[in-house]
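Colleague: Have a look; sequence and predicted model below, questions after that.
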Amino acid sequence: MKFATWNVNSLSVRLPQVLQWLADTGTDTLVLQETKLTDDKFPHDAFAQAGYQSACFGQKTYNGVAIISREAVTDISHNIPGFDDHQARIIAATVGDVRMIGAYFPNGQAPGTDKFEYKMSWLQALERWVKEHLENHSKLILAGDFNIAPTDDDVYDPVAWKDQILCTPQERTHFQNLIALGLHDAFRLFEQPPKSWSWWDYRNLAFRKNQGLRIDHILVSDALKSTVCACSIDKQPRKNERPSDHAPVVLEF
DNA sequence: ATGGCCATGCACCATGGA
């Protein structure tokens, strides 16, 4: 079973690349972030023709998430129950016996801003909800664009990024809180090339210079961990013309 | 040698992303 997460930074722009990538890789289930599409504009037909069913939760201009799957997706839910949120950031669904949460974590802009406070309260609510969710779903995946670089090893220039957004101790504590619920950073279950990133700024030739951050993650529960056989970042789509600034993260189990 | 972005909406610029 091949699972992946990808922040596509506009599905309207990236749809051909997503379809091509699905065909090239044979991915079974893909969660998308930053679709930037209202649900009435979601390209269900294009995915259906490629052999995938899809569920979406979007809004205009910003955010938006979706799940694309060969196998049936059931019990679809949106965002965090009990957390009043006007932004479309989470879609959860069951595929086979695995509960999958696809999430687009808030960016947070900068410490001390309203957006940072929103990120903190969103993360706190997420932890509460995932903790409950784990009680009912032993095989759980939490995947997406976390907008958190968990350690300095996930940052190309930790000195320049020290205490900057995506790298603050507060954000990293929240990442560890998720791990403490009994989740595992699948990427770190395996030997990885040094300087592995999942996002590179569009500016400054960052991709060519490999100046990036690892902020897209796949966390797996204990029950899944034993069946996971690989996890990697696929840099190939970042080399496309008009790429997303993020690369997909792939899990095999 | 240096510096270089991209998507959206509505509008030819401002905002957000990370």
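Modeller: Alright, I've got the coordinates. Numbers count the residues shown, from 1 in each chain, chains lettered A, B, ... in the order given.

Colleague: For A:Ser69, give the beta-bridge partners.
Modeller: In this entry, A:Ser69 is beta-bridged to A:Thr29, A:Gln53, by DSSP bridges.

Colleague: which stretches of the stretch 51-200 of chain A form helices?
Modeller: Secondary structure of the stretch 51-200 of chain A (DSSP state H, counting those that start in this stretch): helices located at A:114-136, A:158-161, A:169-180.

Colleague: Identify the residues contacting the residue nearest the centre of chain A.
Modeller: Nearest residue to the geometric centre of chain A (C-alpha atoms, centre = their mean): A:Gly144, 1.0 Å. With contact set as C-beta atoms under 8 Å, 6 or more residues apart in numbering, A:Gly144 has these partners: A:Thr5, A:Asn7, A:Val31, A:Gln33, A:Val65, A:Ile101, A:Gly102, A:Ala103, A:Tyr104, A:Phe105, A:Asp216, A:His217. Bear in mind the C-beta positions are built from the backbone N, C-alpha and C, glycine included.

Colleague: what's the distance between A:Ala93 and A:Glu241?
Modeller: Relative to A:Glu241, A:Ala93 is positioned 32 Å away (C-beta to C-beta, to the nearest Å).

Colleague: again but with A:Val159, I slipped
Modeller: 33 Å.

Colleague: So which residues on the stretch 151-253 of chain A come close to DNA strand B?
Modeller: A:165-166, A:199, A:201-205, A:213, A:215, A:242, A:245-246 (C-beta under 7 Å from any atom of the strand).

Colleague: A:Lys60 against A:Thr38, yeah?
Modeller: Yes. Here A:Lys60 lies in contact with A:Thr38, judged by C-beta atoms under 8 Å, at a distance of 5.5 Å.
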